[in-house]
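> Pasting a predicted model and its sequence here:
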Protein chains: 2
Amino acid sequence: MPRPNVSEKRKLEILQAAAQVFTGQGLAVARMEDVAAAAGISKGTIYLYYPSKDSLIEALLRRLFQPLDDALAALLDGIDPARQRVQRYGESVILAFAEVAPLHPLILELFALAPRNPVAGELFKGYFISYRDGLAGLFRSAGEAGEVSLVAFDGDAYRAAVSFMAMLEGLLLLALINPALIDLRRDGMDTLAGWLRQI
Amino acid sequence: MPRPNVSEKRKLEILQAAAQVFTGQGLAVARMEDVAAAAGISKGTIYLYYPSKDSLIEALLRRLFQPLDDALAALLDGIDPARQRVQRYGESVILAFAEVAPLHPLILELFALAPRNPVAGELFKGYFISYRDGLAGLFRSAGEAGEVSLVAFDGDAYRAAVSFMAMLEGLLLLALINPALIDLRRDGMDTLAGWLRQI
DNA sequence: TCCATAACTGACCAATCAGTCATTTTTCAA
DNA sequence: TTGAAAAATGACTGATTGGTCAGTTATGGA
């Protein structure tokens, strides 16, 4: 019988410990020793699975990005009517963010990596460019098909896309910076619904 | 003749050097030695004006916040019609952000301090709470006076305030994360104008 | 049971850097 | 011109920590 491959399991355990420690202490302050302790292993073991602290941070970033990527794929490649896909996308992003509320301080720090860390930069850049262009294309064809009205945006699908993105990302930012400022589940859904009434 | 007070001038020079170095290298990586070199002084001298690296960061944060505070005061205490004040506020924030584009990586890092640094936390919290409540009050009274229509928000001034804030902060976030994503001066102004047509 | 090897450990090293302070340089009122 | 105080210097220290690796332990097929 082959030995059970502990590698993937260990990697995941380390990643979860890292999420917890990095969130609690901040990326710069948190020590690899602390991550190891939280994972119930020794520091050296981490380096059997991740070659550096940076690689651990990047793995975490990719992992947290996954749900966003999935939601974006569903938005852009779905077969449902455009309005419905946009609404579902907004709702799933808002709910996903509300669910990871304990990780918000970490997520804010990961955002701040974008201009400096190449991996983070590429992730964000790729995501937002696809998002903007995909959404604009979606609005354009839905507008031409008469499914939505772009009259509030002078018929400009690009403007509609930027407006939607600003509204949604803005909601997330407000929640990230100060949880007491808005209730994502209530205010987020209200604002999203209000926006959708424009088109 | 009293000696010219070099203190305020030196403090400002150090702050400007810090802005430059922190933006280029990141808060965690930048060394006090580098800030000193950029200011054309020695490291020890910095400590005659700022007691610690953290205090320097906090001074920078307060300084960068000042224009926002001023714009907010003009929004909340102005005597012009509500719609005009909201528009002017949005425009001035967007333009101010576009003007400090070289500092965007630093600003993103300062945002990420909010959950951990008490000074940053208080600044952001205070600002956004005043912003939200002041704007909601503004919309409420302007709605009652018939200056604006809140029908797009079910007559709810709070919802209108959250929607406006999300739109505006979202624009700034998109620009911060990836300058290539939107053109603040053009897309920002368009989106702002589009939002204002709702009320 | 044996042992090859996978998995893990933690003491250690090398590098880093915020902050200090004894000393030097500059300033200017007398 | 002088000297006392203000301003500035930069070598140094103490503490920290990412990453390494020689040695130890656990596993399971033969």
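On my side now, so go ahead. Just so it is clear, the structure is predicted and the values come from calculations on it, not from any experiment. Numbering: from 1, shown residues only, chains lettered A, B, ... in the order given.
> how about the residues of chain A that lie near DNA strand C?
Contact residues (C-beta under 7 Å from any atom of the strand) of chain A with DNA strand C: A:3, A:5-7, A:10, A:41-45, A:47-48. In this view, the C-beta of every residue, glycine as well, is placed from N, C-alpha and C.
> Which of those residues fall within helices?
A:7, A:10, A:43-45, A:47-48 (DSSP state H).
> picking that back up, pick the one among the residues of chain A next to DNA strand C closest to DNA strand C.
DNA strand C lies nearest to A:G44 out of the residues of chain A next to DNA strand C, by C-beta to the nearest atom of the strand, at 1.7 Å.
> What pLDDT is listed against that closest one?
Among the per-residue scores, A:G44 holds a pLDDT of 97.
> ok, now how distant is it from A:A96?
35 Å (C-beta to C-beta, to the nearest Å).
> Looking only at neighbour counts, state which of the two leads.
A:A96 (15 against 9; other C-beta atoms under 10 Å in any protein chain shown).
> give me the element that one is part of.
Assigned by DSSP states H and E, A:A96 falls within helix A:82-99.
> For A:P115, give me phi and psi.
Torsion angles at A:P115 (phi, psi; degrees, to the nearest 10) stand at phi -70, psi -10.
> Ok, the one 10 residues further on next?
When read as degrees, to the nearest 10, the backbone of A:K125 gives phi -60, psi -50.
> do you know how far it is from DNA strand D?
As for A:K125, its distance to DNA strand D is 24 Å (criterion: C-beta to the nearest atom of the strand, to the nearest Å).
> quick one: the closest residue to that residue other than its chain neighbours and DNA strand D, what's the gap?
Leaving aside its sequence neighbours, A:K125 sits nearest to B:N178 (C-beta to C-beta, 6 or more residues apart in numbering or on different chains; 5.3 Å). Distance, B:N178 to DNA strand D, by C-beta to the nearest atom of the strand: 27 Å.
> now the helices for chain A?
A:7-25, A:32-39, A:43-49, A:53-77, A:82-99, A:104-113, A:118-144, A:157-177, A:189-196.
> Highest mean neighbour count out of the ones you listed?
Per-stretch averages of neighbours, counted by mean count of other C-beta atoms under 10 Å in any protein chain shown, single out helix A:157-177 among these, with a mean of 24.
> How far off centre is that helix?
With C-alpha atoms, centre = their mean, to the nearest Å as the basis, helix A:157-177 stands 13 Å off its chain's centre.
> tell me the pLDDT at the residue lying closest to A:Y49 once chain neighbours are set aside?
Of all residues not flanking A:Y49 in the chain, A:K11 sits nearest, at 5.0 Å (C-beta to C-beta, 6+ apart). With respect to pLDDT, A:K11 scores 96.
> wait, A:G155 sits on A:G143?
Yes. In this structure, A:G155 is within contact of A:G143 by C-beta atoms under 8 Å, at 7.1 Å.
> quick one on the thing from earlier: show me which of the ones in helices among the residues of chain A next to DNA strand C is closest to DNA strand D.
A:G44 (3.3 Å).
> can you tell me how far the closest one sits from B:E13?
With C-beta to C-beta as the criterion, A:G44 and B:E13 are 46 Å apart.
> which residues does the closest residue to A:R132 other than its chain neighbours contact?
With C-beta to C-beta, 6+ apart as the criterion, A:R132 has its nearest non-adjacent residue at 5.5 Å, and that residue is A:A161. Under the criterion of C-beta atoms under 8 Å, 6 or more residues apart in numbering or on different chains, the contact list for A:A161 reads A:132-133, A:135-136, A:139.
> How much space separates A:A161 from DNA strand C?
41 Å.
> State the distance from that residue to A:Y50.
Distance, A:A161 to A:Y50, by C-beta to C-beta: 37 Å.
> Once you drop chain neighbours, what's closest to A:A142?
A:A82 (3.5 Å).
> Not counting residues beside it along the chain, what's closest to A:T23?
A:L106 (4.1 Å).
> residue ranges with poor pLDDT in chain A?
A:1-5 (pLDDT under 70).
> can you list the domains in it?
A:1-50, A:61-196 (automatic domain parsing).
> Pick out the residue of chain A closest to chain B.
A:G170 (2.7 Å; C-beta to the nearest C-beta).
> who's in contact with that residue?
B:165-171, B:173.
> A:V21 too?
A:30, A:34-35, A:38.
> Turn those residues into CSV, columns for distance to B:I57.
Output for the contacts of A:V21, formatted as CSV (distance: C-beta to C-beta, whole Å):
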residue, distance to B:I57
A:A30, 19
A:D34, 23
A:V35, 25
A:A38, 28
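> between those, which is closest to B:R62?
Distance to B:R62, by C-beta to C-beta, is smallest for A:A30 among the contacts of A:V21, at 26.8 Å.
> Isn't the closest one up against A:F22?
Yes. A:A30 is in contact with A:F22 according to C-beta under 8 Å; the separation is 5.1 Å.
> Remind me what the helix holding A:A96 packs against, helices and strands.
helix A:53-77, helix A:118-144, helix A:157-177, helix A:189-196 (3 or more C-beta pairs under 8 Å, 6 or more residues apart in numbering or on different chains; DSSP states H and E).
> To B:L196, which of those lies closest?
helix A:157-177 (12.0 Å).
> quick one, that closest one and helix B:118-144 angle?
Calculated by axes from the mean of the first three to the mean of the last three C-alpha atoms, to 10 degrees, helix A:157-177 forms an angle of 130 degrees with helix B:118-144.
> Redo the helices and strands packed on helix A:82-99 as CSV? Include distance to B:L150.
Conversion of these to CSV gives the following (distance: least, C-beta to C-beta, whole Å):
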stretch, distance to B:L150
helix A:53-77, 30
helix A:118-144, 26
helix A:157-177, 17
helix A:189-196, 11
